[in-house]
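**Q** Just to be clear, the model below is a prediction. Sequence and coordinates:
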Amino acid sequence: MSKNIFGTDGIRGTVGEDPMTADFAIRLASAAAQVLVPAGGTVLIGKDTRLSGYMFESALEAGFTAAGADVLLIGPLPTPGIAYLTQELNADLGVVISASHNPYYDNGIKFFDGSGSKLSDGVEVAIESHLEKSAITLDSTSIGKATRIDSAPASYQDFCASTLPGDVNLDGLKIVFDGANGAGYKVGPRILANLDAEVIPIGCSPNGRNINDGCGSTSPGLLQSTVPAIGADVGVALDGDGDRVVLVDELGQLVDGDQILYVLATAWRQDGRLRGPVVGTVMSNLGLERALQEQDIDFRRASVGDRYVLETLKESGGVIGGETSGHMIMLDQTTTGDGLICALQVLAIMKQSGKPLSELIAGMPKYPQTMLNVRTDKRLNPGDSPQICDAVTAAEGELKDTGRIVLRASGTEPVIRVMVEGQDEKQVVSVAEKLAAVVAEAAS
């Protein structure tokens, strides 16, 4: 069976539209409990700062407790914090209410199993098989109870800090932290301040509707202007649920996930921490691949999506991988992408080396790359359209062997992503625009 409701990162959509309704959340909780939570088991629920998070938290709580599960309510905390606490508190299931980098009017629900790992396709199919049934309600002697856990943020903060080498703190570093008005708005500044950094927070005043709005990893413009304006050493920007991070160097230059991978991989190679290949995706910049090759570091590409990066890491014995967007996985520290822990590893390298971030990224020249998102009204696999395939063949002939083309349907939005990369920026832009026009016509 194939999945119909779960996407590449849980379930996501516009609040008030199927499936993101309170009724669906109750049924989803009931279905997940029947598949994953034994009688008397425990479910941990966290969320980001979206206004609709209150509604979904209550609905999920009702569905799980009615099915006999005890519920631990964590409140706003980054997604990787929920993965960590699911293990730490011996819960059977972790639930995150978040639509990550999407605007506030979207929301989503994703799960972690008892080991803090995302669910397999097979388990998600099993959950979907129960969704056509009504939610179950056990008798009053068998229903679960709900408890709010106020100590959870401090536990996650301590865990993040523990990933730094023992002799490293962040004293002397002036850091601008952009929390995207999202799940990391409290714990992020606290972790950095507890490690003796000077912290200037922005994007840390959520009101339920301003998550990812002109701030965070998807809108780093304010961070880029703030860092050099106040003489900061570095800027750190999370996305709304805190599993992605991008950085800004002291000059105000954006440092994306590919450059972060380069910094970590080369430093870890020197200190013996690097094992196996570094894993990127088909969207990773060609400059990363070639810069790592010059350092004799094996690089492999996975399909887009952190679950595919994770699969490739496990298959190849690697410990570090990530996406250009800043979704980074460090298997020697975490089970899922963690923006805060990733940022701490780069900050530790800056402290230990005494080098500014601009110098650490200098060894990786970036190839010009253009990404265009073409919105679609219908499901479309670009590879199934002869019209699109012919256009790609023509574009590849134009680029010859100096670039790459990737077309893929987004797993979280109704768009086709058109990526073109090459040595000549004008040619890259021209090719991308022509391809996007063909995709738009085919998708109409």
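**A** That came through, no problem.

**Q** Could you look up the SS state of the closest residue to Gly321 other than its chain neighbours?
**A** Ranked by CB to CB, 6 or more residues apart in numbering and with sequence neighbours excluded, the top spatial neighbour of Gly321 is Val279, at 3.1 Å. Any C-beta I mention is one placed from the backbone N, CA and C, and that applies to glycine too. Three-state secondary structure (criterion: DSSP: H, G, I helix; E, B strand; the rest coil) places Val279 in strand.

**Q** Now do the contacts for Val279.
**A** Neighbour list for Val279: Phe299, Arg300, Arg301, Ala302, Val309, Thr312, Leu313, Ser316, Gly318, Ile320, Gly321, Gly322 [criterion: CB atoms under 8 Å, 6 or more residues apart in numbering].

**Q** So which of the residues you listed sit within strands?
**A** Within the contacts of Val279, residues falling in strands by DSSP state E are Phe299, Arg300, Arg301, Ala302, Ile320, Gly321, Gly322.

**Q** List the contacts of the fifth one.
**A** By CB under 8 Å, 6+ apart, the residues touching Ile320 are Leu261, Leu264, Ala265, Trp268, Leu274, Val278, Val279, Leu313, Met328, Ile329, Met330, Leu331.

**Q** Could you do the third one as well?
**A** For Arg301, the contacting residues are Val279, Gly280, Thr281, Val282, Ser284, Glu289, by CB under 8 Å, 6+ apart.

**Q** Thr86 contacts Phe112, doesn't it?
**A** Yes. Using CB atoms under 8 Å, Thr86 makes contact with Phe112 at a distance of 5.0 Å.

**Q** Not counting sequence-adjacent ones, nearest residue to Ala409?
**A** Of all residues apart from its sequence neighbours, Ile416 sits closest to Ala409 (CB to CB, 6+ apart), at 5.6 Å.

**Q** which element follows the strand or helix carrying the one you found toward the C-terminus?
**A** In this assignment (DSSP states H and E), Ile416 forms part of strand 415-421. Proceeding C-terminally, strand 415-421 gives way to helix 425-443 as the next helix or strand, assigned by DSSP H and E.

**Q** what bridges to the residue nearest to Ala409?
**A** Val374, Ala409 (DSSP bridges).

**Q** do you know how far Asp306 is from Gly322?
**A** When CB to CB, to the nearest Å is the yardstick, Asp306 and Gly322 sit 8 Å from each other.

**Q** Overlap of the contact sets of these two?
**A** Ile329, Gly337.

**Q** so of the contacts of Ile320, which ones are in strands?
**A** If you go by DSSP E, the contacts of Ile320 have Val278, Val279, Met328, Ile329, Met330 in strands.

**Q** need those in TSV with distance to Gly116 and pLDDT, can you?
**A** As requested, these are exported to TSV (distance: CB to CB, whole Å; pLDDT from 0 to 100):
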residue	distance to Gly116	pLDDT
Val278	22	98
Val279	19	98
Met328	16	96
Ile329	12	96
Met330	13	96
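
**Q** Identify, from those residues, the entry nearest to Ser217.
**A** Ranking the ones in strands among the contacts of Ile320 by separation from Ser217, with CB to CB as the measure, puts Met328 on top at 11.3 Å.

**Q** Report the separation between the nearest residue to that closest one once chain neighbours are set aside and Pro165.
**A** Leaving aside its chain neighbours, Met328 sits nearest to Gly322 (3.7 Å; criterion: CB to CB, 6+ apart). In this structure, Gly322 and Pro165 are 21 Å apart, going by CB to CB.

**Q** Among those two, which residue is more densely surrounded?
**A** Neighbour count, other CB atoms under 10 Å: between Gly322 and Pro165, Gly322 has more, with 28 against 13.

**Q** from memory the more buried one sits against Leu261, does it?
**A** Yes. A contact is recorded between Gly322 and Leu261 when judged using CB under 8 Å, the distance being 5.3 Å.

**Q** list residues touching both of the two?
**A** With contacts defined as CB under 8 Å, 6+ apart, the residues adjacent to both Gly322 and Leu261 are Gly280, Met328.

**Q** And the residue nearest to Glu294 when sequence neighbours are not counted, how far from Gln295?
**A** Spatially, and ignoring its direct neighbours in sequence, Glu294 is nearest to Gly363 (8.0 Å; CB to CB, 6+ apart). For Gly363, the distance to Gln295 equals 8 Å [CB to CB].

**Q** shared neighbours, those two?
**A** With contacts defined as CB under 8 Å, 6+ apart, the residues adjacent to both Gly363 and Gln295 are Thr266.

**Q** residues near Asn381, how many?
**A** 11.

**Q** Look up how far Val418 lies from the residue nearest to it when sequence neighbours are not counted.
**A** Leaving aside its sequence neighbours, Asn381 sits nearest to Ala409 (CB to CB, 6+ apart; 6.2 Å). Applying CB to CB, one obtains 11 Å for the distance of Ala409 from Val418.

**Q** More neighbours: which of the two?
**A** The residue with the greater number of neighbours, taking Ala409 and Val418 and applying other CB under 10 Å, is Val418; the counts read 28 against 17.
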